[in-house]
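Student: Sequence first, predicted coordinates after that:
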Amino acid sequence: MSNFFLCLGMGLFVLVFLCLYRASFGPGVLNRIAGICAIGTKTLVVLLLMGFIYNRVEMFIDISMVYALLNFIATITAAKYLERKGEL
Amino acid sequence: MTRVTDDIIIRTVARVLIPFIQLYALYVIMHGHHSPGGGFQGGVILGVSFILYLLTHGLKEAKARMSEVKATLFSSFGLLIFSGIGLLCLIMGSNYLDYGALSTILKVIPAKARSLGILGVEIGIGIAVMAVMFSIFFDISTGGELPEDEENLGERDE
């Protein structure tokens, strides 16, 4: 079971780079924001998988909750900045 | 950044979410010495809740909850707790922040005194970090205006 989680985590780790490409070269601000949000969500899942591999999920859940929270706030802040600028 | 948003979804979600964020921050601070996290991380989460309030409800309402003066007082108070516990250890005849010396005051065994001491220090760090986080965001989003000319900051967004 641990190998399964490891492969899953490595697959997500590769997918992060695709999102990073979209976040750094993506046309427009909205694509960048969406890419950064996707990276945050993938990091959260990778953290939980690490918890499953090390058999300490209850600790890694704390970290991943903080990550989800900060990701949410970062998205709201970016959207607010966009709203104020008024252009894409 | 400090203008009131007129989106009811964001305001409602923030209003529902902020108490849970603060509760979680208190959990992170309280369990800092036997799980990940601690004073700094919990303080950042606590500060994020105020930053979310400032983002969604605007400067005027946020200042009623947490003003610049309050932030300064809270950061000084947190530092006072931190250094006070450290100096108390020094007075009890041990090293700075050596909590084992507090066992005579708290009337517990030294191991328990160390646990309680680090808990107190983390509460102090959490309060200080929360206030400083909010203060940094406040200063950046208001453009570093002085507290005296804050009256017309709400509609100063272009």
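Tutor: In hand now; what should we look at?
Student: what about the nearest residue to B:H31 once chain neighbours are set aside, distance to A:V45?
Tutor: Closest residue in space to B:H31, ignoring its immediate chain neighbours: B:G37 at 6.7 Å, by C-beta to C-beta, 6 or more residues apart in numbering or on different chains. Placement of C-beta: from N, CA and C, glycine included. With distances taken as C-beta to C-beta, to the nearest Å, B:G37 is found 20 Å from A:V45.
Student: ditto for A:F5
Tutor: Counting by C-beta to C-beta, the gap from A:F5 to A:V45 is 10 Å.
Student: Does the least confident helix or strand in chain B by mean pLDDT pack against any helices or strands, and if so which?
Tutor: Comparing helices and strands within chain B by mean pLDDT, DSSP states H and E singles out helix B:103-106 as the least confident, with a mean of 83. Counting contacts by 3 or more C-beta pairs under 8 Å, 6 or more residues apart in numbering or on different chains; DSSP states H and E, helix B:103-106 packs against helix B:110-141.
Student: What's the local residue count around A:F25?
Tutor: For A:F25, the tally of surrounding residues (other C-beta atoms under 10 Å in any protein chain shown) stands at 10.
Student: With B:V28 instead?
Tutor: Under the neighbour criterion other C-beta under 10 Å, B:V28 is assigned a count of 27.
Student: Then B:Y27?
Tutor: Number of residues near B:Y27 (other C-beta under 10 Å) recorded here: 16.
Student: pLDDT score assigned to it?
Tutor: At B:Y27, the model reports a pLDDT of 90.
Student: Compute the distance between the spatially most central residue of chain B and A:I76, please.
Tutor: With distances taken as C-alpha atoms, centre = their mean, chain B has B:M130 as the residue nearest its mean C-alpha position (2.2 Å). According to C-beta to C-beta, B:M130 stands 19 Å off from A:I76.
Student: Kindly report the same for B:I18.
Tutor: Distance check for B:I18 against A:I76: by C-beta to C-beta, it reads 12 Å.
Student: any residues in contact with both of these two?
Tutor: By C-beta atoms under 8 Å, 6 or more residues apart in numbering or on different chains, B:I18 and A:I76 have these common neighbours: B:L52.
Student: Quick check: residues of chain A near chain B?
Tutor: Among all residues of chain A, those adjacent to chain B (criterion: C-beta under 8 Å from any C-beta of the partner chain) are A:58-59, A:62-63, A:65-66, A:69-70, A:73, A:76-77, A:80-81, A:83-84.
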